[in-house]
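Novice: Predicted coordinates and the sequence they were generated for:
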Amino acid sequence: MSVSQKTSNIDSYRLMVYNRALHPELFDVKERKIFRHGDYEAEAWLTPSGHAVRFQADGQCLTETVIESGDHLPENGLVHALPCLGEKDFEMSPAGGLCYVTTVQTESLIDNLFIATLNELQDFAAESDAIVLSWKDDDGGQCLSMLDSQKYRKEFHIQSYHLFGGQGMVLRSQSIFEML
């Protein structure tokens, strides 16, 4: 088995959960989509190498971000922050009628597996209603961020994929926002 020798700054990435909306000026938003379903609204933003998702129902709001560092984000309303290194889970206690659960995984891939994963996600994005952002990183590697979602009566599910070509890294998160 071959292991990639590429270095990574993935340890500077954080998944952060807020009990309020965050202003778009805090992010370098490149792609945006609004989802309205039943009694809730969700808005997703893709940034180079990260994302933010706002879920709002019954006057309550939760926001999830996956972002490098996050030092520029406010502490006001921060419920929890997870480093995006390895595999992590978080479940928020019900608050004001909303629940939230997430899991985050990172993986370092050898070049051929990384390219296969990138191609597979590009094909999936072309066939689905996912939002996608492609770019090149500082190392010149092909990168991709994608948000795929499912809407249910009282739940909003979102899966994120962030691929960093110069590092051979894949960062995935799966989250569920739920109305009680």
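Specialist: Nice, I can see it. Numbers count the residues shown, from 1 in each chain.

Novice: Report the contact partners of the most centrally placed residue in the chain.
Specialist: With distances taken as Cα atoms, centre = their mean, Ser160 lies nearest the centre of the chain, 4.3 Å away. By Cβ atoms under 8 Å, 6 or more residues apart in numbering, the residues touching Ser160 are His51, Val66, Ser145, Met146, Leu147, Leu171, Arg172, Ser173, Gln174, Ser175. Placement of C-beta: from N, CA and C, glycine included.

Novice: Which of these sits closest to Val132?
Specialist: Of all the contacts of Ser160, Met146 has the smallest distance to Val132: 4.9 Å, by Cβ to Cβ.

Novice: Confirm the closest one sits in a strand?
Specialist: Yes: counting by DSSP: H, G, I helix; E, B strand; the rest coil, Met146 is located in a strand.

Novice: didn't it look like it was pressed against Asp129?
Specialist: No: contact status for Met146 versus Asp129: not in contact, 11.1 Å apart, counting by Cβ atoms under 8 Å.

Novice: which one of those two has more residues nearby?
Specialist: Neighbours were counted for Met146 and for Asp129 using other Cβ atoms under 10 Å; Met146 has more, 23 against 10.

Novice: Would you mind measuring from the more buried one to Gln60?
Specialist: Met146 is 27 Å from Gln60, where distance means Cβ to Cβ, to the nearest Å.
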